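*Asks:* got a sequence here, can you model it:
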Amino acid sequence: MAVIVACPSCGRTGSAPEGCEGKSARCNACGATFKIRTNCGPAQITRRPELSASQTPRDLLTFAAGRGHAEFPCLSPRYSPASRVPCADFSRWLCDRIAADDAGAIADFVWRVVEANPGVGIGSDGFRQHWQEAGMAIYASATGKRPETTDPQERGSRGSA
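*Replies:* Modelled structure (predicted):
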């Protein structure tokens with residue numbers, strides 16, 4: 001019978017063969033290597049570790065690290081930018097930005113993912129504001145806090161973790 005294990009780095013769960021206790025495993029999601037706890041068992045899932053806002057660079061483009069499309073750096077170079085396929089897994093970066101109360105960075109991320117295909121009708125400035133407001137709503141939902149601003153200049157002046 002397989003047992004359920006959770007990666008201590010990213011919190012993703014997976015299965016391992018029975019008798020896995022004490023052996024090393026590699027997470028298929030984040031690539032982290034960890035020892036399977038001796039008390040693993042059927043359907044046991046460990047709690048996701050607390051995240052530190054210092055784990056990823058604050059700057060979104062630094063995090064994307066040149067892996068993206070030339071014109072839309074957060075999107076995959078392998079697919080049409082209109083498909084909105086990200087160039088990397090931004091989950092850790094987003095969690096770190098939430099932990100740092102950086103609503104503006106989250107809003108910027110949402111815009112950068114949709115800017116190649118924002119929709120039809122209200123023009124690029126209107127779309128940017130619309131999608132940044134959507135990012136602020138994501139932040140508010142995740143934290144229960146009301147964000148201060150979507151203006152990137154104001155966001156930068158508030159400091160970062």
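*Asks:* buried sites along whatever helix or strand residue 104 lives in?
*Replies:* For residue 104, the element it lies in under DSSP states H and E is helix 103-114. Within helix 103-114, the residues scored as buried using 16 or more other Cβ atoms under 10 Å are 103-114. C-beta: built from backbone N, CA, C; applies to glycine.
*Asks:* same check, this time on stretch 78-93
*Replies:* 81, 84, 86-87, 90, 92-93.
*Asks:* now it: how far from the chain's centre is it?
*Replies:* 11 Å (Cα atoms, centre = their mean, to the nearest Å).
*Asks:* go on, stretch 101-119?
*Replies:* In terms of Cα atoms, centre = their mean, the centre of stretch 101-119 is found 12 Å from the chain centre.
*Asks:* for that stretch, what is the average pLDDT?
*Replies:* On average, the pLDDT along stretch 101-119 is 83.
*Asks:* for the protein, longest helix please?
*Replies:* Secondary structure of the chain per DSSP state H: the longest helix is helix 123-143.
*Asks:* and that one, which residues are buried?
*Replies:* In helix 123-143, counting by 16+ other Cβ under 10 Å, buried: 127-128, 130-132, 135-136, 138-139.
*Asks:* same check on stretch 55-71?
*Replies:* Applying 16+ other Cβ under 10 Å to stretch 55-71 flags 56, 58, 60, 63-64, 68-69 as buried.
*Asks:* quick check: phi and psi on the residue nearest to the spatial centre of the chain?
*Replies:* Nearest to the mean C-alpha position of the chain, by Cα atoms, centre = their mean, lies residue 91 at 1.9 Å. The phi and psi values for residue 91, taken as degrees, to the nearest 10, are phi -60, psi -50.
*Asks:* quick one: the strands in this structure?
*Replies:* Using DSSP state E, the strands found in the chain span residues 3-6, 13-16, 24-26, 33-35.
*Asks:* what packs against the second one?
*Replies:* Think strand 13-16. strand 3-6 (3 or more Cβ pairs under 8 Å, 6 or more residues apart in numbering; DSSP states H and E).
*Asks:* packing partners for the strand it packs on?
*Replies:* On a contact count with 3+ Cβ pairs under 8 Å, 6+ apart, strand 3-6 meets strand 13-16.
*Asks:* can you pull the buried residues of the strand it packs on?
*Replies:* Buried-residue list, strand 13-16, by 16+ other Cβ under 10 Å: empty.
*Asks:* partner strands of it, parallel or antiparallel?
*Replies:* Looking at strand 13-16 with DSSP bridges, its partner strands are strand 3-6 (antiparallel).
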